[in-house]
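A.B. asks: output the structure for:
(chains A and B)
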There are 2 protein chains.
Amino acid sequence: MEKAIYLDNANVTRVADEVLDTMLTYYREKFGVPGGEFGHIYEEEAGEALWKAREAVARKINARPEEIVFTSGVTEGNNLAIKGVAEYMGRKDKVKIVTSRIERKCIMKSAEYLRNRGHDIEFVGVDAYGFVDSEALQKASAGASLISVQHVNQEIGTVQDIKEIGDIAEDVGAIFHTDATHSFLKEKIDVERMNIDIMTLSGHVIHAPLGSGALFVREGVKMEPLFHGDHKEFGKRAGHPNIPAIMGFAKAIELMKEDDIKRMMDMRDLLIKALLNIDDSILNGPKGEERVCDNVNVSFKGVEGEAILMLASAEGLIIRTGSACFSPELRYSYVLKAIGRSAEEANSSTRLTLSRYTTVEELRKGVEILENSIERLRSISPIYRKVAR
Amino acid sequence: MEKAIYLDNANVTRVADEVLDTMLTYYREKFGVPGGEFGHIYEEEAGEALWKAREAVARKINARPEEIVFTSGVTEGNNLAIKGVAEYMGRKDKVKIVTSRIERKCIMKSAEYLRNRGHDIEFVGVDAYGFVDSEALQKASAGASLISVQHVNQEIGTVQDIKEIGDIAEDVGAIFHTDATHSFLKEKIDVERMNIDIMTLSGHVIHAPLGSGALFVREGVKMEPLFHGDHKEFGKRAGHPNIPAIMGFAKAIELMKEDDIKRMMDMRDLLIKALLNIDDSILNGPKGEERVCDNVNVSFKGVEGEAILMLASAEGLIIRTGSACFSPELRYSYVLKAIGRSAEEANSSTRLTLSRYTTVEELRKGVEILENSIERLRSISPIYRKVAR
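C.D. replies: Numbers count the residues shown, from 1 in each chain, chains lettered A, B, ... in the order given. Next up, the predicted model:
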């Protein structure tokens, strides 16, 4: 495992050394918990650190520190956002919520839960590249209280036109939530310009620890907390703030530079080009600026994704697939299904995730391993016959 | 701050060095996330570690590993427990929930939320030492779907007779939840013998990190998740498990020894004796075996808790108070109110928390600082007149 090339999620979930150092400082030296009830004055130090972390998040998205609610990450954030709004607005009557067919599972399942509670949920489809059909969205949004559409897709990297969706939400007077887990620090975000009311951020994909994240909640937007209890986080999230994780999150934000993003974009394009050079391959999701910098997803006709994974990992390359065999529900990726991929195409998909730490040398080796694995698998495949080009 | 004597919550919330070492191993070397959808085989290593952590928790409470759901701590655990059960059982009709007047705020506020949703909530009172009135509990429990009573109180350390409450729950066919945050590893817990169906555990009071904790959920007990999404944690809590925090939690469990508890009990008794030796002092909560090993809470007539805190901290002793001045809501401790303390008595209360790291020497110095602070404050108090004994 030592020398493996991680082009799977571990590439982004791995915590940066500088972040760990920051966390250790708060574990070992500055271990106060701010604003504990009946608590002591030395906790002010922790309170000040917490405020600085709020400012660091707010600055990146053109928000104010008091609009930042720290959470344990994307799952909590997305649950709080859509259930929090629905349960607050829906105390007396059902509410209408519009979302897309390619959101993260925590949005999909929260929406299903709300539907089972009598609310009206509409899922809007996407085109062959994963872009939300804006006409369908506009139509569905009539009478909606909440629109929730992600900024960047978790599997195929599609970058939605968030400003356009924000404008639709504003037109119908709906609250607009976006899950920006995969765009934060990687795409420009301006909550004012984009009319975003609530936005989910997560530390686990920017080299900050699991258990860190934030929800932007525009001043005046009301929601029921997911964690009831004390008045922490402006009454929106009870419980001791996880200071070491939060300070690590803030450090991770500081560490990501524009040059890193630029380099990842170049590597993404290089990788896509190399993989599409392999026979009978198709790119899942868009190219260029319409795709986030760290995501590549390619299907290889006639081979099974899990077979590629196994073979590649034996050679030291760690990647992912949208194949049903790796899903606990034994269903292939609903994202790939939504963009019109067949079961066969989805089962032959591979997902590669880049990070600030990825090198061109790793990519070169990775492509070589993939090429060899696919050639070998196709040579023994009873179904693969090279398609004339 | 360096040489301060922490007899406040920081004494227990501070993370053990051995726990940090364990966490760092999982951050730096074993950074796989188990069971990621469409994920890779090397994640099995993380999956195995996670299972061992489940076993470590289960062993301590006579449960099975598959009954352990890892959470981010007490606030999430208590919210999941009571809202999860109420929302599952209450899909069609209102449910009745019985709890006590001295539960943690996350229980109190979750209960209030459920009451606002039309459910029937009854709060049972406690006696002068914080013990739940078992006759009143029995009476209130008729027709209850859920009974939630804490094992140990967070402010005055009262250890409830959980077996008796579990038996009442069984008699009426109610699900029994207990918040064991302050008893875990400190009091004997046997979920079978005590008829416990759901139990909240938290890492932040046993030298494990904030963001770690677990919920015991007896096999067959149904609840709505608080985090909807993937099928992690047996479908009861979606989202990537926070492996470093969980492994730190398991390590903290391993570190706590029976001798530590015994030593804390002795120190607790020593401290109570020394503080009651100060004129016009009253102990809040019970003595001896009926009180948890790490909690001391004493009121000093004629002085304000926050004044004691200020003066003591200037001398290097960090403690807490149940005074209204340190509460964001400017109300004095509802726990002290529930045991019949007047506002004056509550405002003059001090809370001291012991830990495995506390030394007798620290206690001796701490008592000296307290004695001096109280004497000084009383000497300038316009209201304090020594009461004849």
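A.B. asks: what about the longest helix in chain A?
C.D. replies: When chain A is parsed with DSSP state H, its longest helix is helix A:360-380.
A.B. asks: does anything pack onto that one? Which helices or strands?
C.D. replies: strand A:5-6, helix A:258-276, helix A:305-314, strand A:317-318 (3 or more CB pairs under 8 Å, 6 or more residues apart in numbering or on different chains; DSSP states H and E). Just so you know, the C-beta spots here come from the backbone N, C-alpha and C atoms, and that holds for glycine as well.
A.B. asks: any bit of the third one sitting next to chain B?
C.D. replies: So that's helix A:305-314. Yes. Interface with chain B: helix A:305-314 contributes A:305, A:309, A:310, A:313 (CB under 8 Å from any CB of the partner chain).
A.B. asks: and residue A:338, how many neighbours?
C.D. replies: For residue A:338, the count of nearby residues is 20 (other CB atoms under 10 Å in any protein chain shown).
A.B. asks: quick one, what contacts the nearest residue to it once chain neighbours are set aside?
C.D. replies: Computed as CB to CB, 6 or more residues apart in numbering or on different chains, the closest residue to residue A:338 that is not its neighbour in sequence is residue A:101, at 4.4 Å. Residue A:101 makes contacts with A:123, A:124, A:125, A:126, A:334, A:338, as judged by CB atoms under 8 Å, 6 or more residues apart in numbering or on different chains.
A.B. asks: repeat that with 7 Å
C.D. replies: Contacts for residue A:101 (CB atoms under 7 Å, 6 or more residues apart in numbering or on different chains) come out as A:123, A:124, A:125, A:126, A:338.
A.B. asks: now those residues: which count as buried?
C.D. replies: A:123, A:124, A:126, A:338 (16 or more other CB atoms under 10 Å in any protein chain shown).
A.B. asks: measure residue A:319 to chain B for me?
C.D. replies: Residue A:319 sits 7 Å away from chain B, taking CB to the nearest CB, to the nearest Å as the criterion.
A.B. asks: find the nearest non-adjacent residue to residue A:132, please.
C.D. replies: residue A:100 (5.1 Å).
A.B. asks: what about residue A:138, how many residues close to it?
C.D. replies: Neighbours of residue A:138 (other CB under 10 Å): 17.
A.B. asks: can you say which helix or strand has it in it?
C.D. replies: helix A:134-140 (DSSP states H and E).
A.B. asks: return the set of buried residues in that helix.
C.D. replies: Buried-residue list, helix A:134-140, by 16+ other CB under 10 Å: A:134, A:137, A:138, A:140.
A.B. asks: quick one: list the elements packing against that helix.
C.D. replies: Packing contacts for helix A:134-140, counted by 3 or more CB pairs under 7 Å, 6 or more residues apart in numbering or on different chains; DSSP states H and E, involve strand A:120-124, helix A:162-172.
A.B. asks: residues making contact with the next helix or strand after that helix?
C.D. replies: Of the helices and strands lying after helix A:134-140 in sequence (DSSP H and E), the nearest is strand A:146-148. Residues outside strand A:146-148 that contact it (CB under 7 Å, 6+ apart) are A:81-82, A:85-86, A:95, A:97-99, A:103, A:107, A:141, A:165, A:168-169, A:174-177.
A.B. asks: by contact count, what packs against the least confident helix or strand in chain A by mean pLDDT?
C.D. replies: Every helix and strand of chain A was ranked by mean pLDDT, DSSP states H and E. The lowest is helix A:10-13, at a mean of 82. Contact partners of helix A:10-13 among helices and strands, from 3+ CB pairs under 7 Å, 6+ apart: none.
A.B. asks: with mean pLDDT added, can I get the helices and strands packed on helix A:360-380 in CSV?
C.D. replies: Putting the helices and strands packed on helix A:360-380 into CSV (pLDDT from 0 to 100) gives the following:
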stretch, mean pLDDT
strand A:5-6, 90
helix A:258-276, 98
helix A:305-314, 91
strand A:317-318, 92
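A.B. asks: any chance of those in TSV, with mean neighbour count and distance to residue B:27 too?
C.D. replies: Listed next are these as TSV, based on neighbours: other CB atoms under 10 Å in any protein chain shown; distance: least, CB to CB, whole Å:
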stretch	mean neighbour count	distance to residue B:27
strand A:5-6	24	14
helix A:258-276	16	20
helix A:305-314	20	22
strand A:317-318	25	18
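A.B. asks: show me the helices in the stretch 101-250 of chain A, by range?
C.D. replies: A:105-116, A:134-140, A:162-172, A:243-255 (DSSP state H, counting those that start in this stretch).
A.B. asks: and those, which is most packed in?
C.D. replies: helix A:243-255 (a mean of 25; mean count of other CB atoms under 10 Å in any protein chain shown).
A.B. asks: so stretch A:248-258, near chain B or not?
C.D. replies: No. Counting by CB under 7 Å from any CB of the partner chain, chain B has no neighbours in stretch A:248-258; the shortest distance is 9.9 Å.
A.B. asks: residue A:222: neighbouring residues, count only.
C.D. replies: Neighbour number of residue A:222 under other CB under 10 Å is 11.
A.B. asks: what comes up buried for the longest helix of chain A?
C.D. replies: Buried residues in helix A:360-380 (16+ other CB under 10 Å): A:362, A:363, A:366, A:367, A:369, A:370, A:373, A:374, A:377, A:378.
A.B. asks: contacting residues around it?
C.D. replies: Contacts of helix A:360-380 (CB under 7 Å, 6+ apart): A:5, A:7, A:267, A:270-271, A:274-275, A:278, A:300, A:302-303, A:307-308, A:311-312, A:315, A:317, A:384.
A.B. asks: give me that answer again for 8 Å
C.D. replies: With CB under 8 Å, 6+ apart, helix A:360-380 has contacts from A:5, A:7, A:267, A:270-271, A:274-275, A:278, A:300, A:302-304, A:307-308, A:311-312, A:315-317, A:319, A:350, A:352, A:384, A:386.
A.B. asks: tabulate the CA atom coordinates of it in CSV.
C.D. replies: The C-alpha trace of helix A:360-380 is given here as CSV (Å, rounded to 0.1, in the frame of the first residue of the first chain):
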residue,chain,number,x,y,z
VAL,A,360,2.3,14.1,-13.8
GLU,A,361,4.6,11.1,-13.1
GLU,A,362,1.9,9.4,-11.2
LEU,A,363,-0.6,10.1,-14.0
ARG,A,364,1.8,8.7,-16.6
LYS,A,365,2.3,5.4,-14.6
GLY,A,366,-1.4,5.3,-13.8
VAL,A,367,-2.4,5.5,-17.5
GLU,A,368,0.1,2.8,-18.3
ILE,A,369,-1.3,0.5,-15.7
LEU,A,370,-4.8,1.2,-16.9
GLU,A,371,-3.9,0.6,-20.6
ASN,A,372,-2.3,-2.7,-19.7
SER,A,373,-5.2,-3.8,-17.5
ILE,A,374,-7.8,-3.0,-20.1
GLU,A,375,-5.9,-4.7,-22.9
ARG,A,376,-5.4,-7.8,-20.8
LEU,A,377,-9.1,-7.9,-19.8
ARG,A,378,-10.3,-7.3,-23.4
SER,A,379,-8.0,-10.1,-24.7
ILE,A,380,-9.8,-12.6,-22.4
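A.B. asks: check the offset of that helix from the chain's centre.
C.D. replies: 27 Å (CA atoms, centre = their mean, to the nearest Å).
A.B. asks: got the residues of the stretch 201-350 of chain A near chain B?
C.D. replies: Residues of the stretch 201-350 of chain A lying near chain B (CB under 8 Å from any CB): A:204, A:209-211, A:224, A:226-231, A:238-245, A:305, A:309-310, A:313, A:318-323, A:326-329, A:333.
A.B. asks: what residue ranges in the stretch 51-200 of chain A score low on pLDDT?
C.D. replies: Of all residues in the stretch 51-200 of chain A, none has pLDDT under 70.
A.B. asks: chain B contacts on that one?
C.D. replies: Contact residues (CB under 8 Å from any CB) of the stretch 51-200 of chain A with chain B: A:72-76, A:78-79, A:83, A:91, A:104-106, A:108-110, A:112-113, A:116.
A.B. asks: show me chain A divided up by domain.
C.D. replies: A:16-255, A:257-380 (automatic domain parsing).
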